[in-house]
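1. I'd like to go over a predicted model; first the sequence, then the structure.
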Amino acid sequence: MPYYHADIYPTADNVWPYFETYISFLRTNFPDRQIIISEVRLSLSAHFFFFPLLNKFIFLQTMWSSLLGGAHDRGWGNPGEDIGNFSIYWNIIQEKCVYFRAKGIGWFVHTYDDSQEVGLGMIDKEGSIKMAFNPPRC
């Protein structure tokens, strides 16, 4: 995910080629599997739950923090951790519905509340929505 490549993607403005590259690779090498892009981390316990699905689906994690020093360290001085880049990132994802549909890709954001994973939620610690988030049904 581009979030952990802060040296290449210091801001969210140019992250789309990352997705295109990996989606192209996956479609070429795993043409019969569904791809699901999610903010959910597939921890070891989640792998146990999802194991029966792994022969049919490929899960890709995605996220962007809305504040500096959030739950996950980007490295490289943590550039781009702010509400502006958070909004740009999720707006890019929302705007790619036609692309995702054409490639047979599903995506969703596990709407983390910031009290659970600081900076990653669509809802801040006070319960306020951080950005206009109304993705089209793909």
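-> It's in. Numbers count the residues shown, from 1 in each chain.
2. could I get the contacting residues of Phe86?
-> By CB atoms under 8 Å, 6 or more residues apart in numbering, the contact list for Phe86 reads 12, 64-66, 119, 130-131. Using the backbone N, CA and C atoms, a C-beta is placed for each residue, glycine as well.
3. list the buried residues in the helix or strand that contains Ile23.
-> Per DSSP states H and E, Ile23 falls inside helix 16-29. Going by neighbour count (16 or more other CB atoms under 10 Å), the buried part of helix 16-29 is 16, 18-19, 22-23, 26.
4. does anything pack onto that helix? Which helices or strands?
-> When contacts are defined as 3 or more CB pairs under 8 Å, 6 or more residues apart in numbering; DSSP states H and E, helix 16-29 packs onto strand 34-38.
5. mind giving me the packing neighbours of the strand it packs on?
-> For strand 34-38, the packing partners by 3+ CB pairs under 8 Å, 6+ apart come out as helix 16-29, strand 57-61, strand 105-108.
6. let's have these in TSV, adding mean pLDDT and distance to Ile35.
-> Shown next, in TSV, are the helices and strands packed on strand 34-38 (pLDDT from 0 to 100; distance: least, CB to CB, whole Å):
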stretch	mean pLDDT	distance to Ile35
helix 16-29	91	6
strand 57-61	71	5
strand 105-108	84	5
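7. nearest to Asp7, of these?
-> Among the helices and strands packed on strand 34-38, the nearest to Asp7 by CB to CB is helix 16-29 (12.6 Å).
8. who's in contact with that closest one?
-> Among residues not part of helix 16-29, those counted as contacts by CB under 8 Å, 6+ apart are 1-2, 5, 8-9, 33, 35, 37, 58, 60, 92, 96, 103, 105.
9. in PyMOL, select just the buried ones from those residues.
-> In PyMOL, this line selects whichever of the contacts of helix 16-29 come out buried by 16+ other CB under 10 Å:
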select buried, resi 1+2+9+33+35+37+58+60+92+96+105
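10. Glu81 reaches His72, doesn't it?
-> No. Glu81 lies out of contact with His72 (CB atoms under 8 Å); the separation is 9.3 Å.
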